[in-house]
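Undergrad: sequence first, then the predicted structure:
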Amino acid sequence: RYTLGKVFSIGSSSAGNGYYLEINRKGYQTPFKLLIECGFSYKELSKRLAKQSVGINDLNAILVTHLHNDHSISVKELVDRVKNVYAPRSVFEKYNVLDSVKSRNVMKEKQMKMIADGIEILPFDLEHKNDDDTNVENLGYIITVDGDQGKYRILFVIDTQYIKYNLRKYQFNTIFIEANNMRRSIYMSLKQAERKGDLGKKTHFTRVLKSHMLAENTVKTLIGSKKSAGLDLKNTHFIYLMHLTARGHVNPLEVKMHIKNELKKHNKRRAIVVNGKKRTIPIVKQFQTNGEVM
């Protein structure tokens, strides 16, 4: 069995984020059902999962990166309904449910957590900002699974300009990573806002530059640069691009093609076989915004 089974997004923008993963573990016949981010109301979350034939009561765990609403808005309802939610302390404090969760559910930087038999998660700190330019606690996650074919690693990184740690020693089989927009698109939108005197949009696009990973930084994170060691991609089967913007001067599909072309240009090729088909670079997939605007 392939360790990572069914994967889908219920939303991938500032209107709301949610990513569903089915994980096959060694010794278990049924997959572990994990939802990363719960950026929709409980009702909407249930509705969107149901469209994919998944009941909210089927979830084994919910993992949250940080307290912004588009990633955490239904935390209180999930905790109140005795769902197994894992998140940074600041998330539980925001929704006044810290006393309702067990200490093992509080995720802390560099503290390994076993959320289930055969599934370990290592949180690490990411750089992210609030609207007032203050820092917000935001965690990236390295998920290690004891699969039928051995150890399987998943990287999940969202809402950050860059990764400050060298993760090259890890060989990730699947990578979920933000690719918010093209830099030129954000600069064009910022200049347009300045010309029109639109302070709100100017603040928004300035924050995007400081607090989100644009496609150019996604490439540097994946393949490396003078300032970044990059990631070891020789065992990477899939790269999922998240948190795309639907606003700006670029088609989101251009983001995907830019990253695919950069992987090819920098010779990140190696023969891998996925589902019986031979590939020379990781399969780059893109979670659509479903018409939602950043």
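TA: Nice, I can see it. From a predicted model like this one, the values you see are computed outputs, not experimental measurements.
Undergrad: residue 122 and residue 144 touch, don't they?
TA: Yes - between residue 122 and residue 144 there is a contact under CB atoms under 8 Å: 7.4 Å. (Each C-beta comes from the backbone N, C-alpha and C, glycine too.)
Undergrad: for the closest residue to residue 199 other than its chain neighbours, helix, strand, or coil?
TA: Using CB to CB, 6 or more residues apart in numbering and skipping the chain neighbours, the partner closest in space to residue 199 is residue 193 (8.0 Å). Assigned state for residue 193: helix (three-state reduction, DSSP: H, G, I helix; E, B strand; the rest coil).
Undergrad: do you know how far residue 193 is from residue 68?
TA: 22 Å (CB to CB, to the nearest Å).
Undergrad: and those two? which has more neighbours close in?
TA: Legend: neighbour count by other CB atoms under 10 Å for residue 193 and residue 68, higher for residue 68 (21 against 18).
Undergrad: how about the contacts made by that one?
TA: Residues near residue 68 by CB atoms under 8 Å, 6 or more residues apart in numbering: 39, 136, 159.
Undergrad: please apply the same query to residue 287.
TA: Neighbour list for residue 287: 9, 12, 19, 240-242, 244 [criterion: CB under 8 Å, 6+ apart].
Undergrad: looking at this protein, which helix or strand is least sure?
TA: Every helix and strand of the chain was ranked by mean pLDDT, DSSP states H and E. The lowest is strand 272-274, at a mean of 53.
Undergrad: ranges for the strands of the stretch 101-250 of the chain?
TA: Applying DSSP state E, counting those that start in this stretch to the stretch 101-250 of the chain gives strands spanning 106-107, 113-116, 119-126, 138-147, 150-157, 174-178, 238-242.
Undergrad: would CSV of the ones you listed with mean pLDDT be doable?
TA: Converted to CSV, those look like this (pLDDT from 0 to 100):
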stretch, mean pLDDT
strand 106-107, 98
strand 113-116, 97
strand 119-126, 98
strand 138-147, 97
strand 150-157, 97
strand 174-178, 96
strand 238-242, 93
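Undergrad: what's the closest of the ones you listed to residue 218?
TA: strand 174-178 (5.9 Å; CB to CB).
Undergrad: chain center to stretch 219-238: distance?
TA: 16 Å (CA atoms, centre = their mean, to the nearest Å).
Undergrad: from start to finish, how long is that stretch in a straight line?
TA: 15 Å (CA to CA, to the nearest Å).
Undergrad: kindly reformat the strands of the stretch 101-250 of the chain as a markdown table containing distance to residue 189 and mean neighbour count.
TA: What follows is the strands of the stretch 101-250 of the chain, written out as a markdown table (distance: least, CB to CB, whole Å; neighbours: other CB atoms under 10 Å):
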| stretch | distance to residue 189 | mean neighbour count |
| --- | --- | --- |
| strand 106-107 | 34 | 20 |
| strand 113-116 | 39 | 16 |
| strand 119-126 | 24 | 20 |
| strand 138-147 | 24 | 21 |
| strand 150-157 | 24 | 20 |
| strand 174-178 | 18 | 24 |
| strand 238-242 | 19 | 23 |
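Undergrad: could you pull out the helices for the protein?
TA: Assigned by DSSP state H, the helices in the chain fall at 42-51, 69-72, 75-80, 89-94, 183-196, 199-211, 215-223, 252-265.
Undergrad: any weak-confidence spans in this protein?
TA: 246-250, 267-281, 288-294 (pLDDT under 70).
Undergrad: contact partners for the residue lying closest to residue 90 once chain neighbours are set aside?
TA: The spatial neighbour of residue 90 that comes closest, neighbours along the chain excluded (CB to CB, 6+ apart), is residue 137 at 4.6 Å. Listed by CB under 8 Å, 6+ apart, the contact set of residue 137 reads 66-67, 88-90, 125.
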